[in-house]
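**Q** Structure here, sequence nowhere to be found:
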C-alpha cells in the first residue's frame, strides 16, 4: 500500500523520452496509488492498464515513423514479457512501483536538421524600443537606425579582437564600422562602460553613434540622444526608468551611451508595430547552452551571476536536445484514454543556486571551460522558478534521481520561437 500525502490525488505520472542518435525511447512511470498496473508494448503504442479492470487503460501512441523492436525488449529490461496478441505483435508484463522501460527502435522519423537559436536582427531600419510591461515608447518616434550590429560578448572578453571585421555584401570591411571603433572616448569617461584589454586598436569602451544600435544577448546599446525625451527625464541615478510604469528598463553607461535590458523591452518595427525581437529568460538560457555545446561538447557548464546581488545559478548540461513528452493522469480512469505522444525538445540540466563566494562557485569560476554571464536578479529568479517547476513536470523515478543532494535536475526548452 502506497502512503500518499494528504493533498496528493491518486494517479500516475508518465514520461516518454526519445533520443534520435541512440534510436531509443524510454517510458518512465511513477504511480501514486496502490493500483496494480500491466504494461503492454506494441509496435507503435504503449498501454498501461489497470490489472483488475482492463477497460481502464492509457494508450500512448507514437507518431508516424516510429516502430518499436519488440524482440529486443528482454535485452534492455528485466521484466518478464509474455505474448499479448501475436497477430498484432504485442507483449505485456505486470509492473510494480515506479521504473523505466527502454525501447529500441527498428525505425524512426527522418531527422530534421537541428534548428539553432541563432539570432540575426535586421541590419538597419526604423524601429522602436518599447517597455515590455506597459508598451510605452522609450526611443524617439520612428527612429532610423542605420547600423544594427551584434556585440561579441557582454563584457568584451571573448572575440573582441575580431569584432571590427564585420564585412559587407562584397566581402570587405565596413569602413564606417572601423571608424566608429577607432574613436576614443574622453579620458574622464574612460572608467565607465566596457573595458578592453588585448587589442590596442579597439577603444577602451564602446561609443555608439547617434544612428547606431548594438545588441548582445542581454542588452540593447545606443546613443543617449536616440531615447525619448520622457525617458531622458527619467534617468535617475544612472538608471533608465519607464515613466508610465516606473520599471527600470536600462542604465546609463556614459554621458552619451545607454543600454536597455532586453528582458524588459521589445524591439518593434516602427511602421507595423510588429515585434522584431523579444528576449525571455528561457530564450537566453537556451542560447547560452547552445553556444557552449557548439564550442565545448555536450556536458558544458554555465555560471549565471546576478548583477545586483551575490546570487549565482550553476547549470550543468547533462543531455542536449532530449525529446520529451510528460503526462499525468488522475484515478480512477474514465475508461480507455488515448493520448498521441507529441515530443518537445529540451536540455536536461543539473542546477544549483548558491552565493558567488561559495566554494563550489569559486571552483567553477576558476575553470577555463566554464562560461560565466551576468544577468539581472529578476532573470535569475525567473530561471530558477522554471527549473524547479520543470523538475515537477518531468519527475524522476527513484533509480534516476541524482545522488548528489546539492544539485537538482531541471529542463530548459531547446526550441523557442
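**A** Thanks, I have the structure now. In this text the structure is predicted, and so the values were computed from the model without any measurement.
**Q** With residue 108 as the reference, measure out to residue 66.
**A** Relative to residue 108, residue 66 is positioned 6 Å away (CB to CB, to the nearest Å). Every C-beta, even on glycine, is put in place using the N, C-alpha and C of the backbone.
**Q** Likewise for residue 126?
**A** Between residue 126 and residue 108 the computed distance is 47 Å (CB to CB).
**Q** okay, these two: which has more neighbours?
**A** For the pair residue 126 and residue 108, the greater number of neighbours falls to residue 108 (17 against 12), based on other CB atoms under 10 Å.
**Q** Helices of the stretch 51-200 of the chain, residue ranges please.
**A** In the stretch 51-200 of the chain, the helices defined using DSSP state H, counting those that start in this stretch lie at 73-76, 175-182.
**Q** What average pLDDT does the last one get?
**A** In this case it means helix 175-182. Averaged across helix 175-182, pLDDT comes to 44.
**Q** Repeat that for the shortest one.
**A** Confidence over helix 73-76 (mean pLDDT, whole number) is 80.
**Q** And the residue nearest the centre of this protein?
**A** Nearest residue to the geometric centre of the chain (CA atoms, centre = their mean): residue 286, 3.1 Å.
**Q** pLDDT wise, what is that residue at?
**A** On the pLDDT scale, residue 286 is placed at 89.
**Q** Checking my notes, it in a helix, right?
**A** Yes - remark: residue 286 belongs to a helix, assigned using DSSP: H, G, I helix; E, B strand; the rest coil.
**Q** and it, how far is that from residue 411?
**A** Per CB to CB, residue 286 is found 11 Å from residue 411.
**Q** Also residue 95?
**A** Distance, residue 95 to residue 411, using CB to CB: 25 Å.
**Q** quick one, which of those two is more surrounded?
**A** residue 411 (23 against 17).
**Q** Could you give the bridge partners of residue 49?
**A** Bridge pairing for residue 49 (DSSP bridges) gives the partners residue 38, residue 57.
**Q** Can you report how many residues neighbour it?
**A** When neighbours are defined as other CB under 10 Å, residue 49 has 20 of them.
**Q** Could you do residue 342 as well?
**A** With other CB under 10 Å as criterion, residue 342 counts 9.
**Q** heads up, I number from 491, so please use that
**A** All set: I'll call the first residue 491, so the last point we hit is now residue 832.
**Q** thought it was touching residue 552?
**A** No - when contacts are counted by CB atoms under 8 Å, residue 832 is not listed as touching residue 552 (10.1 Å).
**Q** Show me whatever sits in contact with both of residue 776 and residue 901.
**A** residue 837 (CB atoms under 8 Å, 6 or more residues apart in numbering).
**Q** Isn't the residue nearest to the centre of the chain up against residue 903?
**A** Yes - with contact defined as CB under 8 Å, residue 776 counts as touching residue 903 (6.4 Å).
**Q** list the residues that contact both of those two?
**A** Contacts common to residue 776 and residue 903, judged by CB under 8 Å, 6+ apart, are residue 837.
**Q** hmm, who's touching stretch 507-519?
**A** Outside stretch 507-519, the residues touching it (CB under 8 Å, 6+ apart) are 502-506, 527, 529, 536, 538, 550, 552, 556, 558, 585, 588-595, 598, 601, 809, 812-815, 833, 886-887, 890.
**Q** so who does residue 842 touch?
**A** Contacts of residue 842 (CB under 8 Å, 6+ apart): 803, 804, 850, 896, 897, 898.
**Q** Give me the distance between it and residue 902.
**A** Distance check for residue 842 against residue 902: by CB to CB, it reads 15 Å.
**Q** coming back round to it: just checking, which of the contacts of residue 842 belong to strands?
**A** 803, 804, 898 (DSSP state E).
**Q** who wins for neighbours among these?
**A** Ranked by the number of neighbours (other CB under 10 Å), the ones in strands among the contacts of residue 842 place residue 803 first, at 23 neighbours.
**Q** any idea how far the closest residue in space to that residue that isn't next to it in sequence lies from residue 731?
**A** Leaving aside its chain neighbours, residue 803 sits nearest to residue 794 (4.3 Å; criterion: CB to CB, 6 or more residues apart in numbering). As judged by CB to CB, residue 794 and residue 731 stand 25 Å apart.
**Q** Output the contacting helices and strands for the helix or strand hosting residue 773.
**A** Assessed by DSSP states H and E, residue 773 sits inside helix 771-786. Applying 3 or more CB pairs under 8 Å, 6 or more residues apart in numbering; DSSP states H and E, one finds that helix 771-786 contacts strand 791-796, strand 801-820, strand 834-845, strand 861-865, helix 867-883, strand 898-903.
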